[in-house]
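In: here is a sequence together with a model predicted from it:
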Amino acid sequence: MINAVMNPDVKTTATERSIHLQEWLKPWLNRSPIPLTPVAGDASFRRYFRVEAADSRKGTSLILMDAPPDKENSERFLQLARAWQPLGIRVPTVHQACTQLGAALLEDFGDQQLMQAVREEDPASASPFYHQALQQLAHLQVQATHCPTAASLPNYDEALLQREMDLFDDWLLGQLLKLPDHDRPDGWTAFRQSLVDSALEQPRVVVHRDYHSRNLMLLPDHQLGILDFQDAVIGPCTYDAVSLIRDCYLMWPEAIQDQWQEQARQLHCRNFETIHATDWQRWFDLMGMQRHLKAAGIFARLWLRDGKAGYLKDIPRTLQHLQHALARHSEFQPISQWLHNQLMPQLEIQLDSLLNTPA
């Protein structure tokens, strides 16, 4: 029975897939079949289920990752988890995996995300968590960059940086707001190119590429468990720090953001090469602009293509991060004015219509 689902040409129903997964799990279970408890997922087609400790032969709870191979490729996640975990990078242990089935049995990092442990109205209490997250990021960058698997990672090159920004043009501007191609601010192409140029001139390290409060889990040993690293690349040294500090799901006061990014710079200087604060600030700001364009486009696509409406409410905050960064750089004033005077009002009207219309 299980061989059928391993054949990509054989389509299976959800019930059949559940049976295959239960069969695959049997060696790890005290009884079979067992109820599988869904746990929080992500923006992909992967699903996660908890095997409770009472049902597990290990005596501890485990996480079943269900990643149908016709929709998700789990090989990079498994490769990196197995390579990074012995280096002290706090990623989940892989107990068992089958890429043909698209399943893996992982260490359980629990349910508490960093996002749930901090409050925007109390940034001082969040600082210890962010200092920890930045310390662990620095460790990841040092260890993973010098790990043999780094040679197999894609480069965060110009083509990829531009494709990511195309998501903003295509999905948010074109599909969500229905803006024609000519309705862009003066200098839009040059602006995008400046973000690419800034990214490419930075020192290169391993980049997690989605290092933020929803992918960091609070663990009993006071470490932060790191998830969702399968899209890692070799790329700009500021990328993961800006992803964490200017998180699409949180908005911290600029003063504390500046404190955290200075910690990130000092950690980089200690572990790699010295970067002047002025250079770091510009790289950090422009890297954030590129990421927030990409993220806003992805959030629009998640609604339009995948029917995931929950991410629509994150678009305004993501573009607020973009606005704040643009305000620091006078050469981008036309972009800033277009965003403030044209795009944001149109977006507000569209989101109000979508979010407040009865289903």
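Out: Received it, and whenever you're ready, just let me know what you need.

In: tell me how many other residues crowd Ala309.
Out: Number of residues near Ala309 (other CB atoms under 10 Å) recorded here: 12. Where C-beta positions appear, they are placed from N, C-alpha and C, glycine not excepted.

In: show me the shaky parts of the protein.
Out: Under the criterion pLDDT under 70, the flagged ranges of the chain are 1-12, 41-44, 358-359.

In: state which helix of it is the longest.
Out: If you go by DSSP state H, the chain has its longest helix at helix 277-304.

In: ok, then the element right after it?
Out: As assigned by DSSP states H and E, the chain's next helix or strand after helix 277-304 is helix 315-326.

In: need the next SSE after that following helix, C-terminal direction.
Out: helix 333-338.

In: now do the longest helix of the chain against helix 315-326, angle only.
Out: Put simply, helix 277-304 runs at 160 degrees to helix 315-326, going by axes from the mean of the first three to the mean of the last three CA atoms, to 10 degrees.

In: 72 is where my numbering starts, stick with that
Out: New numbering, starting at 72: the last item is helix 348-375.

In: packing partners for helix 348-375?
Out: Packing partners of helix 348-375 (3 or more CB pairs under 8 Å, 6 or more residues apart in numbering; DSSP states H and E): helix 229-238, helix 259-271, helix 310-316, helix 325-342, helix 386-397.

In: who touches the last one?
Out: Helix 386-397 is contacted by residues 243, 317, 319-322, 325, 356-357, 359-360, 363-364, 366-367, 370-371, 403-404, 406-407, 410-411, 414-415, 418-419, 422 when judged by CB atoms under 8 Å, 6 or more residues apart in numbering.

In: how close does the residue most central in space within the chain sit to Leu298?
Out: When CA atoms, centre = their mean is applied to the chain, the residue found nearest the centroid is Asp281 (2.5 Å). For Asp281, the distance to Leu298 (CB to CB, to the nearest Å) stands at 9 Å.

In: per the record, what domains does this protein have?
Out: According to automatic domain parsing, the chain comprises the domains 73-178, 185-424.

In: which of the ones you listed is buried the deepest?
Out: domain 185-424 (a mean of 18; mean count of other CB atoms under 10 Å).

In: first-to-last residue distance for that one?
Out: The stretch domain 185-424 measures 31 Å between its terminal residues, going by CA to CA, to the nearest Å.

In: mind checking the SS state of the residue nearest to the centre of the chain?
Out: Secondary structure assignment for Asp281 (DSSP: H, G, I helix; E, B strand; the rest coil): coil.

In: residues touching it, list them.
Out: Asp281 touches Asp299, Phe300, Asp302, Ser314, counting by CB under 8 Å, 6+ apart.

In: which of the residues you listed lies closest to Val277?
Out: Looking at the contacts of Asp281 and their distance to Val277, the nearest is Phe300, at 9.4 Å (CB to CB).

In: was I right about that closest one contacting Gln150?
Out: No. The criterion here is CB atoms under 8 Å, and Phe300 misses it with Gln150 at 10.5 Å.

In: adding distance to Ser223 and secondary structure, write the contacts of Asp281 out as a markdown table.
Out: Shown next, in a markdown table, are the contacts of Asp281 (distance: CB to CB, whole Å; DSSP: H, G, I helix; E, B strand; the rest coil):
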| residue | distance to Ser223 | secondary structure |
| --- | --- | --- |
| Asp299 | 19 | coil |
| Phe300 | 14 | coil |
| Asp302 | 13 | coil |
| Ser314 | 22 | helix |
